[in-house]
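Structural data only, the sequence is not supplied:
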């Protein structure tokens, strides 16, 4: 979706990772709020650990910390103190087991894709450097060639080439003409010939 807006694949993948992290933090926020609400009952964790309820930031951060530890192999001193808190903790653990493994899998796939993109580029530029070195191309010309290719690669990342979108081959000719008109008309109207 973001590629359609002209963003590079690298930026799109990075945004995907940030969205995953934000989603996990939002889920943990709601779990922390529920755990805090349960702890307000008499004999709850707030009373047991003598948490100052007037300091809502400390209370919230304690509950949020507890929530995060349910999703990871981390530990925390705060534990459920009654059956309703314990039942909630069990439900959160089961939910976290499924959610966190899915989250880790998704993040791993996105990170692997990012590494693959970087690896392919690095391999191509390494091969280019070897070629220029073997052919004894001057440093100045080699630098110009490299800069030009880096610029071309960056430009290509910004815009998806029409030939790379296989579904466009299914368009009817009138729709293809209309699409081409909208794609190229902006550049044509700026030409001095059409301004007269």
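Received, thanks. If you're wondering where the values come from, they're calculated on a predicted model, not measured in any experiment.

Against residue 170, how distant is residue 182?
Applying Cβ to Cβ, to the nearest Å, the value for residue 182 to residue 170 is 18 Å. In this view, the C-beta of every residue, glycine as well, is placed from N, C-alpha and C.

burial of residue 38, as a residue count?
Using other Cβ atoms under 10 Å, residue 38 has 21 other residues around it.

So it: helix, strand or coil?
The assignment at residue 38 comes out as helix when based on DSSP: H, G, I helix; E, B strand; the rest coil.

how close does it sit to residue 87?
9 Å.

before we move on, what about residue 142?
Counting by Cβ to Cβ, the gap from residue 142 to residue 87 is 68 Å.

Neighbour count: the two, which is higher?
Of the pair residue 142 and residue 87, residue 142 is the one with more neighbours under other Cβ under 10 Å, namely 17 against 12.

Please identify the helix or strand for the more buried one.
helix 139-158 (DSSP states H and E).

next one: residue 109
Counting by DSSP H and E, residue 109 is found in helix 83-134.

Check which helices and strands that helix is in contact with.
For helix 83-134, the contact count by 3 or more Cβ pairs under 8 Å, 6 or more residues apart in numbering; DSSP states H and E identifies helix 9-39, helix 56-71, helix 139-158 as packing neighbours.

What angle do helix 139-158 and that helix make with each other?
Angle, helix 83-134 to helix 139-158, by axes from the mean of the first three to the mean of the last three Cα atoms, to 10 degrees: 140 degrees.

one step back: the helices and strands packed on helix 83-134 into JSON lines, with extra columns for mean pLDDT?
Below are these laid out as JSON lines (pLDDT from 0 to 100):
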{"stretch": "helix 9-39", "mean pLDDT": "90"}
{"stretch": "helix 56-71", "mean pLDDT": "93"}
{"stretch": "helix 139-158", "mean pLDDT": "88"}
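
Out of those, the one nearest residue 45 is which?
helix 9-39 (4.2 Å; Cβ to Cβ).

any idea how far the closest residue to residue 52 other than its chain neighbours is from residue 36?
Once flanking residues are discounted, residue 52 sits nearest to residue 58: 6.5 Å by Cβ to Cβ, 6 or more residues apart in numbering. Residue 58 is 11 Å from residue 36, where distance means Cβ to Cβ.

neighbour-wise, which of those two wins?
Between residue 58 and residue 36, residue 36 has the larger neighbour count (other Cβ under 10 Å), namely 22 against 12.

Burial check on the closest residue to that one other than its chain neighbours, number of neighbours?
Closest residue to residue 36 apart from its sequence neighbours, by Cβ to Cβ, 6+ apart: residue 63 at 4.1 Å. By the criterion of other Cβ under 10 Å, residue 63 has 25 neighbours.

quick one: contacts for residue 63?
32, 33, 35, 36, 39 (Cβ atoms under 8 Å, 6 or more residues apart in numbering).

any idea how far the residue nearest to residue 76 when sequence neighbours are not counted lies from residue 63?
Ranked by Cβ to Cβ, 6+ apart and with sequence neighbours excluded, the top spatial neighbour of residue 76 is residue 69, at 4.5 Å. Taking Cβ to Cβ as the measure, residue 69 and residue 63 are separated by 11 Å.
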